[in-house]
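Colleague: Sequence and predicted structure are below.
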Amino acid sequence: MDAQLFEELKNSLRQAKAIRQGKLEGRRTTVTPIDVKAVREQTHLSQHEFAAAIHVSVRTLQNWEQRRRSPTGPAAALLKVMATSPAVVIKALHQ
């Protein structure tokens, strides 16, 4: 292991210890959940049409819309893009 990497690791451990002891505030990341229902409503598609367009089951879409589950991975990315440009995404998916 090179010296620079070793020093970075030691520094990270010191920071972790300080955070644990309350001497340093750790970084916090907040994730804003996607409002799947609002995204779908922007497209003016029914649940069945929207689910078919993004290749998920209607039940999965309903779970997302009712916030029992959250989309992850590629589905979350697709929905974020769709929230910005719904017409473009729908057009691309129908080609």
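Modeller: Sure thing, it's come through. Please read these numbers as outputs of a predicted model, since none were measured by experiment. Numbering: from 1, shown residues only.
Colleague: got the domain boundaries for this protein?
Modeller: 1-29, 36-93 (automatic domain parsing).
Colleague: Mind putting these into a markdown table with mean pLDDT and mean neighbour count?
Modeller: For every residue, glycine as well, the C-beta is placed using N, CA and C. Putting these into a markdown table (pLDDT from 0 to 100; neighbours: other CB atoms under 10 Å) gives the following:
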| stretch | mean pLDDT | mean neighbour count |
| --- | --- | --- |
| domain 1-29 | 90 | 9 |
| domain 36-93 | 94 | 15 |
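Colleague: In this structure residue 19 contacts residue 13, no?
Modeller: No. Residue 19 sits out of contact with residue 13 when judged by CB atoms under 8 Å, with a separation of 10.7 Å.
Colleague: mind listing the helices for this structure?
Modeller: 3-20, 36-43, 47-54, 58-65, 73-84, 86-93 (DSSP state H).
Colleague: Extract the C-alpha set from the fourth one and format it as CSV.
Modeller: Think helix 58-65. Coordinates of the C-alpha atoms in helix 58-65 are reproduced here as CSV (Å, rounded to 0.1, in the frame of the first residue of the first chain):
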residue,chain,number,x,y,z
VAL,A,58,-49.2,-2.6,-12.4
ARG,A,59,-48.9,-3.9,-8.8
THR,A,60,-45.3,-2.6,-8.6
LEU,A,61,-46.5,0.8,-9.9
GLN,A,62,-49.3,0.9,-7.3
ASN,A,63,-46.8,0.0,-4.5
TRP,A,64,-44.6,2.9,-5.7
GLU,A,65,-47.5,5.3,-5.9
